[in-house]
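Colleague: sequence first, then the predicted structure, then my questions.
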Amino acid sequence: MTCISCRSQLDEHDDKAPRLEALFVLAITLGLRPGELRGLTWDLADLDNAVIKVWRSARKGGDTKTPASKRTLELPKRAVKALIKHKALQDRERAAAGSAWQDNNLVFCLEDGTPYTGDAPNLRFSRITKRAGPGWAGLGHWHAHESRHTAVSIMSKNGVPIQDISDTVGHKSTHVTETVCRYTNSSPSSRPAPLR
């Protein structure tokens, strides 16, 4: 559960360009877990060479979920552009925060450098999916973790081999990728349980 103060911080930015755009681009294009995104630091993002190292997580102890979850991935051009834009935004926020900035080297953090709680991206993602669609019809309530299903489905539809998809999203085998992740129907009642 997110506290009232945290919700009000998220609400402050509804009329501004989404601060978490780059987070969602990475989630949907590479299928990163929310904890992996919240634990991502700038030293693991090589934008010049379009590579990201998923070596940490916001999980207790900082480890990725499994040894197979620790991976180095090529960044799609769209992700590189989103991260460059995000870094410029963060640099402006760092300057505005001045001595209040908490330098955790996090790619995705609050305006003062402090880490996001696990609920913050979920609330934002849900808010976006509820409003998304033609005429703001919305997709319904989605959890940020469901972007992994989207990433797998997009890769699958584009002919990416199942082993490559499994490696990209950090599964220890293709079984989970094949049986839980691949689907095309986006209605909430037909979606499988969230990936882990």
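Modeller: Right, received. Where do you want to start? What you see is a predicted model, and the numbers here were worked out from it, not measured in a lab.

Colleague: CA only for contacts and neighbour counts going forward, please
Modeller: Fine.

Colleague: and residue 84, what element?
Modeller: Element membership for residue 84, per DSSP states H and E: helix 77-97.

Colleague: neighbouring contacts of that helix?
Modeller: 19, 21-22, 25-26, 29, 47, 50, 101, 107, 111-113 (CA atoms under 8 Å, 6 or more residues apart in numbering).

Colleague: how about 7 Å then?
Modeller: 22, 25, 26, 47, 50, 101, 111, 112 (CA atoms under 7 Å, 6 or more residues apart in numbering).

Colleague: can you list the residues you listed in CSV and add neighbour count, pLDDT and distance to residue 169?
Modeller: Converted to CSV, those look like this (neighbours: other CA atoms under 10 Å; pLDDT from 0 to 100; distance: CA to CA, whole Å):
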residue, neighbour count, pLDDT, distance to residue 169
22, 23, 92, 17
25, 21, 91, 14
26, 25, 93, 11
47, 17, 97, 20
50, 15, 97, 17
101, 16, 96, 32
111, 20, 91, 28
112, 19, 94, 30
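
Colleague: in a markdown table, list those residues along with distance to residue 64.
Modeller: Shown next, in a markdown table, are these (distance: CA to CA, whole Å):
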| residue | distance to residue 64 |
| --- | --- |
| 22 | 20 |
| 25 | 20 |
| 26 | 16 |
| 47 | 22 |
| 50 | 21 |
| 101 | 27 |
| 111 | 25 |
| 112 | 25 |
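
Colleague: which of the residues you listed fall within helices?
Modeller: For those, the ones inside helices are 22, 25, 26, with DSSP state H as the criterion.

Colleague: can you put those residues in a markdown table and add distance to residue 151?
Modeller: Putting these into a markdown table (distance: CA to CA, whole Å) gives the following:
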| residue | distance to residue 151 |
| --- | --- |
| 22 | 14 |
| 25 | 10 |
| 26 | 9 |
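
Colleague: quick one: mean pLDDT for the helix holding residue 84?
Modeller: Averaged across helix 77-97, the pLDDT comes to 96.

Colleague: now that helix, how far from the chain's geometric center?
Modeller: Here the centre of helix 77-97 is set off from its chain's centre by 15 Å, with CA atoms, centre = their mean, to the nearest Å.
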